[in-house]
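Novice: How does the following fold in three dimensions:
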Amino acid sequence: VNVNPYFGITDEKDSSKQDQCVRAANFISGFTRWSRMVLDGTLEPDQGACSSAFSRMACSAKIPRQGMDELIIYPESRHVIVICNGHIYKVEVLSEAGTLLQTSDIVEKLRAIKTLSTVA
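Specialist: All right, here's what the predicted structure looks like:
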């Protein structure tokens, strides 16, 4: 199973949005909104682009198996994984009801991780 998502992130010209945690939270929020549309079938088709791999870009994990890895999709997933200073963190970005948390709440979680990972 090969999935190679590519995301281009442009330079942020607005100095109020250049903070690492703010940029990461905005990316997480945008990607989460996009992935929810992919999973629930409401994403508008892009003319001329194949979108068959989109559902494997989020809520998925490659599980090592004898002979060949297996890709498992978890559409009920409510978290993202953040790696900071060699530590791995699970960050909830959707409420139990499935609504996206406010970007400011995600920023707070990322700031806490950044602080925690420098102490650990």
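Novice: Flag every buried residue along the helix ranked longest in the chain.
Specialist: The single longest helix within the chain, with elements called by DSSP state H, is helix 20-40. By neighbour count, with 16 or more other Cβ atoms under 10 Å as the criterion, the buried positions of helix 20-40 are 21-22, 24-26, 28-29, 31-32, 35-36, 38-39. Quick note: C-beta positions are derived from backbone N, CA and C, even for glycine.
Novice: Tell me which stretches of the chain form strands.
Specialist: 60-63, 70-73, 79-84, 87-92 (DSSP state E).
Novice: picking up where we left off before, which strands or helices does the longest helix of the chain pack on?
Specialist: Packing contacts for helix 20-40, counted by 3 or more Cβ pairs under 8 Å, 6 or more residues apart in numbering; DSSP states H and E, involve strand 79-84, helix 103-119.
Novice: Now mean neighbour count and mean pLDDT too, for those, in CSV please.
Specialist: Converted to CSV, the helices and strands packed on helix 20-40 look like this (neighbours: other Cβ atoms under 10 Å; pLDDT from 0 to 100):
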stretch, mean neighbour count, mean pLDDT
strand 79-84, 14, 94
helix 103-119, 15, 95
